[in-house]
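> here you go, sequence then predicted model.
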Amino acid sequence: MRFTFTVPGKPQGKGRPRFTKSGRTYTPRKTSEYEALIKRMYLLQGGKLFETAVSLSVLILYPIPKNTPMKKRQLMTNGNDLPTKKPDGDNVEKAVADALNGVAYNDDSQIVVAQWEKRYASDNDHVGLVVTVSDENLAET
């Protein structure tokens, strides 16, 4: 089974844990809210629980800055100029993997293959994430 869903909005990476004065750790609010959005989008778009090993693929689509010249904008939308800016792809993937705990799989330890890719969106209406969770063809990798 393969399930692909989208998460709208500017991509965000997993924030580092924060510490209180008493030494307790907590997840920053911005990270918690983003992970809740990812989980909500998975469920709203019909995501189901996978019981076996899965692969996770995350396509990260960045906005093109408004002041970008037309020629450079064309290179960005064609994939000839790639985003080398924050957030890091692995931090976005970690936010997705953690957000899907308990809804796409019981634990993110079920992820045996993971990949991410950063691109510019064709237009600002498509900024966000395209996430695929699959249990297909894992023996072939």
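Structure's in. What do you need?

> make it CA atoms for all contacts and neighbour counts henceforth
Noted.

> secondary structure class for the residue lying closest to residue 132 once chain neighbours are set aside?
Distances taken as CA to CA, 6 or more residues apart in numbering place residue 4 nearest to residue 132, at 4.2 Å, with adjacent residues excluded. The three-state assignment at residue 4 reads strand, by DSSP: H, G, I helix; E, B strand; the rest coil.

> I figured residue 4 hits residue 130, correct?
Yes. Residue 4 is within contact range of residue 130, at 6.9 Å (criterion: CA atoms under 8 Å).

> just to revisit the earlier point, how about the contacts made by the residue nearest to residue 132?
Residue 4 sits next to 130-133 when contact means CA atoms under 8 Å, 6 or more residues apart in numbering.

> state the mean pLDDT of stretch 90-99.
For stretch 90-99, mean pLDDT is 97.

> also stretch 127-138?
Mean predicted confidence for stretch 127-138 is 94.

> helix, strand, or coil at residue 10?
Going by three-state DSSP: residue 10 is coil.

> quick one, phi psi at the closest residue to it other than its chain neighbours?
Leaving aside its sequence neighbours, residue 10 sits nearest to residue 128 (CA to CA, 6+ apart; 5.4 Å). Torsion angles at residue 128 (phi, psi; degrees, to the nearest 10) stand at phi 140, psi -150.

> wouldn't residue 128 be in contact with residue 9 here?
Yes. If you go by CA under 8 Å, residue 128 and residue 9 touch, sitting 4.7 Å apart.

> who's more crowded, those two?
Under the neighbour definition other CA atoms under 10 Å, residue 128 and residue 9 were set side by side, and residue 128 has more, 21 against 17.

> check contacts around that one.
Residues counted as contacts of residue 128 (CA under 8 Å, 6+ apart) are 6-11, 60-62.

> can I get the residues you listed in JSON lines with pLDDT?
Converted to JSON lines, the contacts of residue 128 look like this (pLDDT from 0 to 100):
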{"residue": "6", "pLDDT": "97"}
{"residue": "7", "pLDDT": "98"}
{"residue": "8", "pLDDT": "97"}
{"residue": "9", "pLDDT": "95"}
{"residue": "10", "pLDDT": "94"}
{"residue": "11", "pLDDT": "96"}
{"residue": "60", "pLDDT": "97"}
{"residue": "61", "pLDDT": "96"}
{"residue": "62", "pLDDT": "95"}
